[in-house]
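Participant: Quick one, fold the following:
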Amino acid sequence: SNCALISTARRPINLPGLELFALDSLPEESSLELLLKRAPRLGSYAADAAEFCGHLPLALEVFAQAVYYNTLTPIPELLHRLETHRVRLPAVESAIETSMYYLSERTRGRLLHLGVFPGSFEHAALCCIWQCDHVAVLEALQELLNISLIEWNELTGRFRLHDVVRRYCDFRVDESTRDSLSLRHAEYYKRVCDSTDELYLKGGDYITRALLLFDTERANIEAALQRSLTFSDKAAARLTVEFVNSVLYCGRSRFNVRKRINLLEAQLGAARMLNSKNALISALTNLGALCSDVNESERAIRLFEEVIELAKDDGDDCRSASAVSNLASLYRKRGRTVEAIQLHQKALKAQEAEGDLRNAVITLNSIAWDYVALEDIQKCVEYFKQSIELSRKIDDRRGESVSLKDLAFFISDRSKALALLDEAIRIARDITDEKVEADALMAQAFMLEQNGDIFGAIDKGEAASKIFTRLEAPNAALVAQAIAEWRQRLIPEK
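Facilitator: Numbering: from 1, shown residues only. Predicted coordinates:
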């Protein structure tokens, strides 16, 4: 009478009185324990091996056996073979193929297409990948779910393929099919990014929604972007130009400088292949602005001058306004301040006429810095306030945060200046813009240091330094050096 029965099945068992448990992959600690018990020579490589095996007990057992019996093959080589599909796991493949027996012929083929997704995905994406309607997608997903070949998170409504199943699928797709799937995947996630940028440009709370959507799909977006960086024809080049444009705003908050430069260089290459004036002006302006931010001034000037030359033929100041504004800021840094103000005013007029108010916020901020160079602090404060007023009018929270941070430097009352920086930091955190947050934190650090509060300066500086390091910002080393100098001042002299 004291008898219990445990039964496992790929298909859900639905009988009265049964208690059901979903068997997931092993926790990392258990995976490592299993691997090292079966193949002790894995040593410090066990964590990588567990990851490549997807923490599946069967896969772990099979790979541990491969390690145990291939004593002459170095562990890194075995791991490389596993990662690049050259080590086969027959028992795992056999289990997957046994499960596939329960699928309809059409769904078997569709399962292999899921290898294009690097992470989780929503069912709407499959309408594009499988090129079928919503009903057909749900029917196929239900088949796959019923035999546990995909996982479904009921809370998020998203699906994912287990890593081992994904590798199985990817291994069995020919090159032509893989290229076709990659193109559909990129086209779909380019449209997703269009949506994130549309939300971002609405400002206010929409920025947070845009970044949340971007973060949810980030693995897919990055994979699709990476695939789109290589283009062999004009159709692919056009997709590259449009895709990079669609991640300009969210990517500014989510990608480090090196990644953004790589994307923009690919966009410029694609625009040159298309020989499209509009695409070239956009790509040159985007890359020039980033080069200016990271102090590659010579390159930035060449890029902006090319934009102005391209737009000159049409006599259209609006198309080159952003380039003119950025070029003016570079002129100011070289001491050509009066010329910079003239160019900034010209750009501002064109932006206001075109209704490009988001870039007008940036130009107003730049004019304020022109007057700093002329030591006219009254005019400087006036333009910062205009920038803040306009950013609030159009709900440009990032522009508001940047202008508040910059204005703080020129407020004589330190308590009011620190309050402005607190507000800038709060907004930056609301919209999860780490670069602006770190800039404002570092501004607070310098103000606190000037007030004699070295402990406070170090606290704010370290918070900024962590962000700058994570973002691979060009000024990360200088910030670390400033903090080290402040710490040195706390050491009593002997």
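Participant: Look at E151 and give its secondary structure.
Facilitator: Taking DSSP: H, G, I helix; E, B strand; the rest coil as the rule, one finds E151 in the strand state.
Participant: for the nearest residue to it once chain neighbours are set aside, phi and psi?
Facilitator: Nearest non-adjacent residue to E151, counting by Cβ to Cβ, 6 or more residues apart in numbering: R160, 5.1 Å away. Yep, even glycine has a C-beta here, placed from its N, CA and C like the rest. With angles defined as degrees, to the nearest 10, R160 sits at phi -150, psi 150.
Participant: so how far is A482 from the nearest residue to L327 once chain neighbours are set aside?
Facilitator: Nearest non-adjacent residue to L327, counting by Cβ to Cβ, 6+ apart: F304, 4.0 Å away. Distance, F304 to A482, using Cβ to Cβ, to the nearest Å: 31 Å.
Participant: give the contact list for the residue nearest to E151.
Facilitator: By Cβ atoms under 8 Å, 6 or more residues apart in numbering, R160 lies in contact with 117, 119-121, 150-151, 153.
Participant: So which bits of the lengthiest helix in the chain are buried?
Facilitator: Criterion DSSP state H: the longest helix present in the chain is helix 175-202. Going by neighbour count (16 or more other Cβ atoms under 10 Å), the buried part of helix 175-202 is 178, 180-190, 192-193, 196-197, 199-200.
Participant: immediately after it, which helix or strand?
Facilitator: Going down the chain from helix 175-202, the next helix or strand is helix 205-216, by DSSP states H and E.
Participant: Which strands or helices does that next one pack on?
Facilitator: Helix 205-216 is packed against helix 175-202, helix 248-254, with contacts defined by 3 or more Cβ pairs under 8 Å, 6 or more residues apart in numbering; DSSP states H and E.
Participant: Run the chain-centre distance for it.
Facilitator: 12 Å (Cα atoms, centre = their mean, to the nearest Å).
Participant: Can I get that helix as PDB, trimmed to CA atoms?
Facilitator: Output of helix 205-216 as PDB, limited to C-alpha atoms (Å, rounded to 0.1, in the frame of the first residue of the first chain):
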ATOM      1  CA  ASP A 205       7.500  57.500 -20.300                       C
ATOM      2  CA  TYR A 206       7.500  56.200 -23.900                       C
ATOM      3  CA  ILE A 207      11.300  56.200 -23.600                       C
ATOM      4  CA  THR A 208      11.200  53.600 -20.800                       C
ATOM      5  CA  ARG A 209       8.800  51.500 -22.800                       C
ATOM      6  CA  ALA A 210      11.000  51.700 -25.900                       C
ATOM      7  CA  LEU A 211      14.100  50.600 -23.900                       C
ATOM      8  CA  LEU A 212      12.100  47.700 -22.200                       C
ATOM      9  CA  LEU A 213      11.100  46.400 -25.700                       C
ATOM     10  CA  PHE A 214      14.600  46.800 -26.900                       C
ATOM     11  CA  ASP A 215      16.000  44.900 -23.900                       C
ATOM     12  CA  THR A 216      13.500  42.100 -24.300                       C
END
